[in-house]
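> Could you work out the structure for the sequence below:
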Amino acid sequence: MTVMFIIGFIIFALYMFGLLYAIYWGHNSQREEMERDIELRNYYARHNNGLDMDYDGIGNQGRVPSPKKKTKNRKFKQRIK
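Numbers count the residues shown, from 1 in each chain. Now for the predicted structure:
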């Protein structure tokens, strides 16, 4: 009975290793291909965004400026007598 779980764990571990390796390899090969693409390199060189490539397509969420805090006007109105 335990032999079955050991063999199952070995198969699962090999599958997970292969899956993670495939994701890692695919990510690196896609990045290298994008960096070697002449059209993309020319486009980003023209727009001065060579280092700001947006690989995920959702934009840089960190560039959104934080809203300005409103300050209360502390001047008191004078009472009219």
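
> rest of the way, CA atoms for contacts and neighbours
Noted.

> sec struct for E32, please.
helix (DSSP: H, G, I helix; E, B strand; the rest coil).

> how about the CA coordinates for the one helix or strand Y44 maps to, as PDB?
If you go by DSSP states H and E, Y44 is part of helix 38-46. As requested, C-alpha coordinates have been extracted for helix 38-46 and formatted as PDB (Å, rounded to 0.1, in the frame of the first residue of the first chain):
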ATOM      1  CA  ILE A  38      14.000  44.500 -34.700                       C
ATOM      2  CA  GLU A  39      10.600  46.100 -35.100                       C
ATOM      3  CA  LEU A  40       9.900  46.200 -31.300                       C
ATOM      4  CA  ARG A  41      13.400  47.500 -30.700                       C
ATOM      5  CA  ASN A  42      13.000  50.300 -33.200                       C
ATOM      6  CA  TYR A  43       9.500  51.200 -31.800                       C
ATOM      7  CA  TYR A  44      10.800  51.500 -28.300                       C
ATOM      8  CA  ALA A  45      13.900  53.400 -29.400                       C
ATOM      9  CA  ARG A  46      11.700  56.000 -31.200                       C
END
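
> ok, E39 - how many residues close by?
By other CA atoms under 10 Å, the residues close to E39 number 11.

> tell me the angle the helix or strand hosting F17 makes with helix 38-46.
Using DSSP H and E, F17 maps to helix 2-36. In terms of direction (axes from the mean of the first three to the mean of the last three CA atoms, to 10 degrees), helix 2-36 departs from helix 38-46 by 60 degrees.
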